[in-house]
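In: sequence first, then the predicted structure, then my questions.
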2 protein chains.
Amino acid sequence: MAVSARRGAPLTLEEISSTALRLMDEGGVEGLSMRKLAAELDVNPMSLYHHVDNKDALIRLICSTAAQRMELPPDDGSPWQDQLRALGLAYHRNALEHPAMWHHLHNHPEIIADRGLVIWQTLYRILRLAGVPEPELRRTSDVLHAFVTGFVIAETTGHLPAEEVERDFDTAIRLIIGGLSGMSERSGSSESPGQSGLSG
Amino acid sequence: MAVSARRGAPLTLEEISSTALRLMDEGGVEGLSMRKLAAELDVNPMSLYHHVDNKDALIRLICSTAAQRMELPPDDGSPWQDQLRALGLAYHRNALEHPAMWHHLHNHPEIIADRGLVIWQTLYRILRLAGVPEPELRRTSDVLHAFVTGFVIAETTGHLPAEEVERDFDTAIRLIIGGLSGMSERSGSSESPGQSGLSG
DNA sequence: TCCATAGCCATACACCGTATGGCTGACGCT
DNA sequence: AGCGTCAGCCATACGGTGTATGGCTATGGA
């Protein structure tokens, strides 16, 4: 009904959000404006508002769909350390594709707060394997997620020297793995003086 | 020379940057605009540009001075675990005071890239205590910093449930401490199957 | 005395998100 | 066939943004 004069077919949410994501990938958050997006779609800026509440909702849409479509490593029965590393790498790969989106996701974690999402379920599964007790799952996964996104953003903003990123990532993963091991293996070990045990 | 008609004294960088920081604290990054800042200082917007190159430079100024003035725990000879915790708490406290600034700092780490800054020197000192070998200092500190800022932003953006933040922080610190212990104590220990050792 | 200049400001431009309201044409119903 | 409803689109306008340009004025040094 009343299709654009300049276009054949009506707009679709899919079309809008994928073009928006592309703009974000190309020019960061500032690269995405309703006007530029409309121009890219050969449409009047205000037409977008028939499909999306506002710019914020649009970005939320982009992020959540991208998060849901993210490719995650399956449960292949390998040790939790390997699986955690694989998950980290998946994060990493995705972040390199859509740095600006991750950026936003990190600043607005409520977008992926739903614990039913695959990313959380995957992380939970691995943490269970690592021996993290059930009541600590939420807390530990939050902390890990904060760590990883923090690292990944530091990388994509160009802080970490490019040629060392791989080893930096390795250091990060080893640190996490070591930390998790210490947390679950705690029990009469001669761990470290001053701090010991898990529950505060 | 030619002082503002509406003001007695000429503007100072100090005055500009502190008011700007306040605006940021109160209203986030969007709360700070050259026009609002000028209004707050009872001055024409364009007057600011006689003291600051542009908005970006202004924010950079805010961040770097705030980072340099940050109160850090002194070397009191206590075990590195305690000192690391104290440093984390200092970060934490500062971030709660200036969340938007930290936010920006996290996205633009180059602002505090200078390894001569107190924060880095302090972190280096603690990491040396923890047994991190010299050539790994840069890498490890970067990763840790990314972790901590990542965590702190997750908290200040309201992701982590407020009443549990303290325990979440504890989990984070313990994880890091555990990870560092594992990395430096590595040598013939029965650490974990699959992954072991430090260098990749 | 004269002038360079520091400090300030008025105006203007291009951009932004979006409120408002109106047009058009496809559809369901009588 | 006539009608109303409504999805889809668009033109206009408002208030906000950062900042380029150029001009004013009072002060310090020569």
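Out: Arrived safely. Numbering: from 1, shown residues only, chains lettered A, B, ... in the order given.

In: number of residues surrounding A:Arg139?
Out: 18 (other Cβ atoms under 10 Å in any protein chain shown). Glycine gets a C-beta too; all of them are placed from N, C-alpha and C.

In: low-confidence regions, chain A specifically.
Out: A:1-8, A:158-159, A:184-200 (pLDDT under 70).

In: which single residue in it comes nearest to chain B?
Out: Relative to chain B, the nearest point of chain A is A:Gly150 (1.6 Å; Cβ to the nearest Cβ).

In: now do the helices in chain A.
Out: Under the criterion DSSP state H, chain A contains helices at A:13-27, A:34-40, A:55-69, A:80-97, A:99-107, A:118-129, A:137-156, A:165-185.

In: could you say which of the ones you listed is packed most deeply?
Out: Highest mean neighbour count of the helices of chain A: helix A:137-156, a mean of 23 (counted as mean count of other Cβ atoms under 10 Å in any protein chain shown).

In: close to DNA strand C: what parts of chain A are there?
Out: Counting by Cβ under 7 Å from any atom of the strand, chain A comes close to DNA strand C at A:1-2, A:32-36, A:45-46, A:49, A:54-56.

In: before we move on, the earlier item: dump the helices of chain A to a markdown table, plus distance to B:His103.
Out: Formatted as a markdown table, those follow (distance: least, Cβ to Cβ, whole Å):
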| stretch | distance to B:His103 |
| --- | --- |
| helix A:13-27 | 18 |
| helix A:34-40 | 24 |
| helix A:55-69 | 16 |
| helix A:80-97 | 18 |
| helix A:99-107 | 7 |
| helix A:118-129 | 23 |
| helix A:137-156 | 11 |
| helix A:165-185 | 21 |
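
In: and B:Asp170, which of the ones you listed is closest to it?
Out: For B:Asp170, the closest of the helices of chain A is helix A:137-156, at 9.2 Å, according to Cβ to Cβ.

In: chain center to the closest one: distance?
Out: Offset of helix A:137-156 from its chain centre (Cα atoms, centre = their mean, to the nearest Å): 9 Å.

In: and the angle from that helix to helix B:165-185?
Out: Relative orientation of helix A:137-156 versus helix B:165-185 (axes from the mean of the first three to the mean of the last three Cα atoms, to 10 degrees): 60 degrees.

In: any idea what sits nearest the residue of chain A closest to chain B, other than its immediate chain neighbours?
Out: The shortest distance from A:Gly150 to any non-neighbouring residue, by Cβ to Cβ, 6 or more residues apart in numbering or on different chains, is to B:Gly150 (1.6 Å).

In: and the gap between the one you found and A:Asp142?
Out: 11 Å (Cβ to Cβ, to the nearest Å).

In: swap in A:Ile62?
Out: Applying Cβ to Cβ to A:Ile62 and A:Asp142 gives a distance of 23 Å.

In: and A:Gly77, by the same measure?
Out: Computed with Cβ to Cβ, the distance linking A:Gly77 and A:Asp142 is 26 Å.

In: near chain B, anything from stretch A:98-110?
Out: Yes: applying Cβ under 8 Å from any Cβ of the partner chain, one finds stretch A:98-110 touching chain B at A:103, A:106-110.

In: would you turn the residues you listed into CSV with distance to B:Ile126?
Out: Listed next are the residues of stretch A:98-110 next to chain B as CSV, based on distance: Cβ to Cβ, whole Å:
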residue, distance to B:Ile126
A:His103, 29
A:His106, 26
A:Asn107, 28
A:His108, 32
A:Pro109, 28
A:Glu110, 33
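
In: looking at those, which is nearest DNA strand C?
Out: A:His108 (14.8 Å; Cβ to the nearest atom of the strand).

In: wait, isn't that closest one in contact with B:Thr157?
Out: Yes: counting by Cβ atoms under 8 Å, A:His108 touches B:Thr157, with 6.7 Å between them.

In: could you pull up phi and psi at A:Ser78?
Out: phi -70, psi 170 (degrees, to the nearest 10).

In: residues near it, how many?
Out: As a measure of burial, A:Ser78 has 13 neighbours, counting by other Cβ under 10 Å.

In: that one and B:Ile62, how far apart?
Out: Distance from A:Ser78 to B:Ile62, by Cβ to Cβ: 47 Å.

In: repeat that for A:Gly27.
Out: 25 Å.

In: same check, this time on A:Pro109
Out: When A:Pro109 is compared with B:Ile62 (using Cβ to Cβ), they lie 25 Å apart.

In: now A:Arg167
Out: Distance, A:Arg167 to B:Ile62, by Cβ to Cβ: 33 Å.

In: now A:Val52
Out: 34 Å.

In: how about A:His145?
Out: 28 Å.

In: ok, A:His92 next?
Out: A:His92 is 31 Å from B:Ile62, by Cβ to Cβ.

In: for A:Tyr91, same thing?
Out: In terms of Cβ to Cβ, A:Tyr91 sits 31 Å off from B:Ile62.

In: now the residue nearest to the spatial centre of chain A: closest residue in space, sequence neighbours ignored.
Out: Centroid check for chain A by Cα atoms, centre = their mean gives A:Trp102 as the closest residue, at 5.5 Å. Ranked by Cβ to Cβ, 6+ apart and with sequence neighbours excluded, the top spatial neighbour of A:Trp102 is A:Ala95, at 4.6 Å.

In: ok, now which ones touch the residue of chain A closest to chain B?
Out: A:106, B:106, B:146-151, B:153-154 (Cβ atoms under 8 Å, 6 or more residues apart in numbering or on different chains).

In: now for those: which two are most distant?
Out: Using Cβ to Cβ, the contacts of A:Gly150 span at most 13.8 Å, a distance reached by A:His106 and B:Val148.

In: mind listing what the residue nearest to the centre of chain A touches?
Out: A:94-95, A:149, A:152-153, A:156.

In: residues making contact with stretch A:123-134?
Out: By Cβ under 8 Å, 6+ apart, stretch A:123-134 touches A:75, A:79-81, A:83-84, A:87, A:115, A:137, A:140-141, A:144-145, A:180-181, A:183-185.

In: kindly recompute the last result at 6 Å.
Out: Stretch A:123-134 is contacted by residues A:80, A:83-84, A:137, A:140-141, A:180, A:184 when judged by Cβ atoms under 6 Å, 6 or more residues apart in numbering or on different chains.
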